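A.B. asks: below are the sequence and a predicted model; questions follow.
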Amino acid sequence: MTLRFEVDAVVLDIEGTTSATGFVVDVLYPYSRSRFGALLSERSGDPEVARAVAQVRELLGDPDADAAGIEKALGAWLDEDRKATPLKTLQGIIWSEGFARGDLVSHFYEDVVPALRAWHAAGVRLHVYSSGSVAAQRAWFRSSPEGDLLPLVSGLYDTENAGPKQEPESYRRIAEATGTAADRLLFLSDRPGELDAAREAGWHAVGIRRPGEPYYEQGVGDHAQAGTFDEISVISSRSTT
Ligand SMILES: CSCCC(=O)C(=O)COP(=O)(O)O
Ligand SMILES: [Mg+2]
């Protein structure tokens, strides 16, 4: 069955939706884990690192946490896959440098890139909303196995510039930032709590359920669902075809 939407923009979750959680956890997480120590000790004066470190201390409730304590907290959050904003900021710094130097190439499920190209060609705007930082998202789309996909993307949103993914207010903020009416936006995600929040903000929402992903068994509640992007047809009033 094909799900049909007439909207102006599609907003994409990454992990579990466009891309495999296994790749993020097995490739990206170890890459960042092994580099946190050097980042914290050698670049503590970098404003972005300093800001993230201050946020970690605040989350820990420990204003005096030293570099070892910060690294330990980051490791624990990685273990539990906690999407803490400062963790994502620091990972984003490390990953974007790793992508730029060619150590990393991103992952997209095989149905995703053809669908993104088709929707973009049909005049549908594409935005990303992920817990991964904007810097990480930019590098991820720029360094895909199919080349630079960033030109397909109009906007990048994370927990810093939009807010937590399970809060409707974050989706209202994105609608405002993109200048798009809520009912002209379609959100694709694997997580029911995110889909609930998008729907509460008045968006269309489709749960993506891919075998092997962490939320596959749990399902996406009462949301419309698709196993691949091929099952979703999107047209826009801005369409030229
Ligand atoms: C390029 S983003 C890396 C993935 C990541 O760290 C993450 O937290 C993704 O979470 P999502 O909100 O996309 O499920
Ligand atoms: Mg996800």
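C.D. replies: Happy to help now that I have it. Ligands and ions are numbered 1, 2, ... in the order given.
A.B. asks: what kind of secondary structure is the residue nearest to Val27 when sequence neighbours are not counted in?
C.D. replies: Once flanking residues are discounted, Val27 sits nearest to Leu104: 7.2 Å by Cβ to Cβ, 6 or more residues apart in numbering. From N, CA and C alone the C-beta is placed, and that goes for glycine too. Applying DSSP: H, G, I helix; E, B strand; the rest coil to Leu104 yields a three-state assignment of coil.
A.B. asks: wait, isn't Leu104 in contact with Tyr29?
C.D. replies: No - counting by Cβ atoms under 8 Å, Tyr29 is not a contact partner of Leu104; they are 11.8 Å apart.
A.B. asks: residue ranges in this protein under the pLDDT threshold?
C.D. replies: For the chain, the stretches with pLDDT under 70 are 238-241.
A.B. asks: what about the helices in it?
C.D. replies: 21-23, 29-33, 36-42, 47-60, 67-79, 85-100, 112-121, 134-142, 168-178, 192-200 (DSSP state H).
A.B. asks: save those as JSON lines, and put in distance to ligand 2 too.
C.D. replies: Shown next, in JSON lines, are those (distance: least, Cβ to the ion, whole Å):
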{"stretch": "helix 21-23", "distance to ligand 2": "7"}
{"stretch": "helix 29-33", "distance to ligand 2": "14"}
{"stretch": "helix 36-42", "distance to ligand 2": "23"}
{"stretch": "helix 47-60", "distance to ligand 2": "21"}
{"stretch": "helix 67-79", "distance to ligand 2": "16"}
{"stretch": "helix 85-100", "distance to ligand 2": "13"}
{"stretch": "helix 112-121", "distance to ligand 2": "13"}
{"stretch": "helix 134-142", "distance to ligand 2": "12"}
{"stretch": "helix 168-178", "distance to ligand 2": "14"}
{"stretch": "helix 192-200", "distance to ligand 2": "7"}
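A.B. asks: wait, which of the ones you listed is closest to Val234?
C.D. replies: helix 112-121 (5.0 Å; Cβ to Cβ).
A.B. asks: and that closest one, is it in reach of ligand 1?
C.D. replies: No - using Cβ under 6 Å from any ligand atom, helix 112-121 stays clear of ligand 1, coming no nearer than 12.8 Å.
A.B. asks: who wins for proximity to Val206 among the helices of the chain?
C.D. replies: helix 192-200 (7.7 Å).
A.B. asks: angle of that closest one against helix 168-178?
C.D. replies: Here helix 192-200 runs at an angle of 60 degrees relative to helix 168-178 (axes from the mean of the first three to the mean of the last three Cα atoms, to 10 degrees).
A.B. asks: tell me what helix 192-200 is packed against?
C.D. replies: helix 168-178, strand 185-189, strand 204-208 (3 or more Cβ pairs under 8 Å, 6 or more residues apart in numbering; DSSP states H and E).
A.B. asks: same list (the ones you listed) but as JSON lines, adding mean neighbour count.
C.D. replies: Below are the helices and strands packed on helix 192-200 laid out as JSON lines (neighbours: other Cβ atoms under 10 Å):
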{"stretch": "helix 168-178", "mean neighbour count": "18"}
{"stretch": "strand 185-189", "mean neighbour count": "26"}
{"stretch": "strand 204-208", "mean neighbour count": "24"}
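A.B. asks: okay if I get the ones you listed as a markdown table plus distance to Asn161?
C.D. replies: Shown next, in a markdown table, are those (distance: least, Cβ to Cβ, whole Å):
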| stretch | distance to Asn161 |
| --- | --- |
| helix 168-178 | 8 |
| strand 185-189 | 16 |
| strand 204-208 | 20 |
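A.B. asks: touching, Gln218 and Arg191? I think so.
C.D. replies: No - shown here, Gln218 and Arg191 do not form a contact pair, counting by Cβ under 8 Å, at 9.2 Å.
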